[in-house]
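# sequence first, then the predicted structure:
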Number of protein chains: 2
Amino acid sequence: MGEFDLLARVMDRLPPPGARLRLGPGDDAAVTVPGGATATSVDALVEGVHFRRDRASLRQIGAKALATALSDLAAVGAEPGEAYVVLGVPDDLDEDGCIEALDGIADCAAATGTTLAGGDVSRSPVLSFAITVVGHAPGPEQLVGRGGARPGDVLVLTGAIGGAAAGLLAEELPDSGPRLPEEIAGRLRERLLVPVPRLEAGRALAAAGATAMIDVSDGLGGDAGHLAERSGVGLRIDAEALPLDRGVADLAEAAGREPLRLAVSGGEDYELLATLPAEGLDLAALAAAAGVAVTQVGEAVAGGGVEIRLPGGRLLEPVGFDQLG
Amino acid sequence: MGEFDLLARVMDRLPPPGARLRLGPGDDAAVTVPGGATATSVDALVEGVHFRRDRASLRQIGAKALATALSDLAAVGAEPGEAYVVLGVPDDLDEDGCIEALDGIADCAAATGTTLAGGDVSRSPVLSFAITVVGHAPGPEQLVGRGGARPGDVLVLTGAIGGAAAGLLAEELPDSGPRLPEEIAGRLRERLLVPVPRLEAGRALAAAGATAMIDVSDGLGGDAGHLAERSGVGLRIDAEALPLDRGVADLAEAAGREPLRLAVSGGEDYELLATLPAEGLDLAALAAAAGVAVTQVGEAVAGGGVEIRLPGGRLLEPVGFDQLG
């Protein structure tokens, strides 16, 4: 099965390419006319490491591969532009299987306005994706890194967290144990399997003057630490202010876990954590522009490190991924 | 082993980033300020499919991974800009091994003026690379695709071909058979293991008005076919005009093969094949600008397909890779 044949089959299914693309798949390189600044990120997803084919459909796996890559563009406040997909195909996946995975990628591309501009296909011992995403902004000053937070800045979080970790936990609960209502369990599984990159929110936060931003992929505790370290500030987070996905508390209870600890330790929520100057901050207007809830969850302070404070002043220690299961 | 630790170790070894890079490794996305047009290409290299660790050093494997990716930028005439590296690391490769492979990538980056601007590291069943390269040009009209060849155009080839296929054949000759002088055999192996992307030549050919261009990665016969099909022309190639690498004839004889058939069928030469208008073409000036020999090997004609003519008019049929070994 050649790269070109596969691409031809998937090209029929794609929305028309964006105006920036001048030369697309089938040439040695894609040619684009970018704007003032570009943001580029690469992500690998490997079967057995990042996903399992018995836990999600190929279409979901493909869609998640692009969605998680685009989350990095959201985290700098870029408008999504082009994606380039390297697909590693194992012997037990036929061409229809490849098309199903690529259809998932195309679903996410269509939903986000991303142009699939190129790719490569190779044999591989396991199914794998390496996805490059390119985003755009009028100039580099419109894009937000991790390093600009200042003491006194307000710390905000989009959406709600804990859902992906709870979805993972739900899959691992014994059948004999307490069950969640199917509607809630289904939403938690979807949170895990089909994350939504916060692209609109990222641009809204950047436009509102965000000084630093990161997407919450490794767990709020860990990612807050990355932002704090890179900015040279400390972050104080009010645990009671953290918005949890619906069902996280019930699921945690059923599994004998603390909901807040689950939420700040579990990864894959793909919400945005950002700092903004306190002066003139209008959270309601920001949420309207972001298209999702924006909650103040803490502040940046002089010093370093991350403190997540429970009521009464006790500190919550995030646990690692390995201790979650 | 974390992505960040590895990147920190390899960053020390890198030349300073290019002027386009505003935000580099360690943030969610790299931020660049591109020129008028960008060319982007992605390439996968998978152990057991594209390379074997017992046939080349990790440093050579890394260097070749970036070099072959950059060859696609040469083929559109772009100036190399940034590279993004996804590294898949198997359990039997330790951090020093990763560094050795990344040092190879850094060698090639330094030699070509490419900035390593980001990456991702994942566990993987086998060693694998997915490399994205981004090149630049003042505008899209300075970049050359595969589709612009016109009947009457002259067909030219940079450098010489057959060396990589001969290097592969040399590795597979029985020890008891005839041997090539070590100096020649070493050069053929190097042609296979450490290809040189023809970046300067690609820009020179684009500046000279190349109407279509492709890099010879799958064998001259096959790649000429891609160019002909995309342009809607036929290509007539004069087999006697084809420049062969030194040692190809001797090696082919030792292995009982026809040198020309080996040269047009074997891949991985990474020379450039381009069409240019015949009028005003100055091959000597072009070779001087390209920094490598540029040889007229045929012409574009109305119709389709590729004919490689031997003396006396007999046609040479390229064979597939699989029939080479």
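On my side now, so go ahead. This is a predicted model, so every value here is computed, not measured. Residues are numbered from 1 along each chain as shown, chains lettered A, B, ... in the order given.

# which SSE is the residue nearest the centre of chain A in?
Centroid-nearest residue in chain A, with Cα atoms, centre = their mean: residue A:270, separated by 3.2 Å. Assessed by DSSP states H and E, residue A:270 sits outside every helix and strand.

# give the contact list for it.
A:67-68, A:71, A:74, A:164, A:195-198, A:215-217 (Cβ atoms under 8 Å, 6 or more residues apart in numbering or on different chains). Quick note: C-beta positions are derived from backbone N, CA and C, even for glycine.

# in helices only, show me those residues.
Using DSSP state H, the members of the contacts of residue A:270 that fall in helices are A:67-68, A:71, A:74, A:164.

# what's the mean pLDDT across stretch A:264-276?
Average pLDDT, stretch A:264-276: 95.

# kindly report the same for stretch A:217-226.
The average pLDDT for stretch A:217-226 rounds to 94.

# and the two most separated of the ones in helices among the contacts of residue A:270?
The most widely separated members of those, counting by Cβ to Cβ, are A:74 and A:164 (15.8 Å).

# looking at chain A, which helix or strand does the model trust least?
Across the helices and strands of chain A, mean confidence by mean pLDDT, DSSP states H and E is lowest for helix A:3-11: a mean of 66.

# for residue A:322, report the pLDDT, please.
For residue A:322, the predicted pLDDT is 42.

# again, but for residue A:25
At residue A:25, the model reports a pLDDT of 74.

# is it correct that it is in contact with residue A:118?
Yes - in this structure, residue A:25 is within contact of residue A:118 by Cβ atoms under 8 Å, at 5.3 Å.

# okay, those two: which has more neighbours?
Ranked by neighbour count (other Cβ atoms under 10 Å in any protein chain shown), residue A:25 and residue A:118 place residue A:118 first, with 27 against 20.

# for that one, helix, strand, or coil?
For residue A:118, the assignment made with DSSP: H, G, I helix; E, B strand; the rest coil gives strand.

# contacts only, for it.
Residue A:118 sits next to A:24-25, A:29-30, A:82, A:84-85, B:40-42 when contact means Cβ under 8 Å, 6+ apart.

# same question, residue A:130
Contact analysis of residue A:130 by Cβ under 8 Å, 6+ apart lists A:42-45, A:85-86, A:88, B:42, B:44, B:86, B:120, B:130.

# what helix or strand is residue A:43 on?
Short version, using DSSP H and E: residue A:43 is in strand A:37-46.

# now do residue A:284
Counting by DSSP H and E, residue A:284 is part of helix A:283-290.

# buried residues in that helix?
By neighbour count on 16 or more other Cβ atoms under 10 Å in any protein chain shown, the buried set for helix A:283-290 is A:283, A:286-287, A:289-290.

# same question for stretch A:292-311.
Here stretch A:292-311 shows A:292-295, A:297-301, A:306-309 as buried, counting by 16+ other Cβ under 10 Å.

# any idea how far residue A:226 is from residue B:26?
Computed as Cβ to Cβ, to the nearest Å, the residue A:226 to residue B:26 distance reads 9 Å.

# I misspoke; the intended subject was residue A:190.
32 Å.

# higher neighbour count, those two?
residue B:26 (18 against 15).

# test my guess that the more buried one contacts residue A:227.
No - counting by Cβ under 8 Å, residue A:227 is not a contact partner of residue B:26; they are 11.5 Å apart.

# quick check: neighbours shared by the two?
residue A:146.

# check what pLDDT residue A:2 gets.
Residue A:2 is given a pLDDT of 55.

# residue A:74 and residue A:164: who's more crowded?
Taking other Cβ under 10 Å, residue A:74 and residue A:164 do not tie; residue A:74 has more neighbours (30 against 27).

# what's the neighbour count on residue A:220?
Using other Cβ under 10 Å, the number of residues around residue A:220 comes to 26.

# roughly how far apart are the residue nearest to it when sequence neighbours are not counted and residue B:240?
Leaving aside its chain neighbours, residue A:220 sits nearest to residue A:264 (4.5 Å; criterion: Cβ to Cβ, 6 or more residues apart in numbering or on different chains). Going from residue A:264 to residue B:240 by Cβ to Cβ gives 72 Å.

# these two: which is more packed in?
Of the pair residue A:264 and residue B:240, residue A:264 is the one with more neighbours under other Cβ under 10 Å, namely 28 against 10.

# excluding residues flanking it in the chain, which one is nearest residue A:240?
The shortest distance from residue A:240 to any non-neighbouring residue, by Cβ to Cβ, 6+ apart, is to residue A:311 (5.7 Å).

# phi first, then psi, for that neighbour.
Dihedral angles of residue A:311 (phi, psi; degrees, to the nearest 10) stand at phi -60, psi 140.
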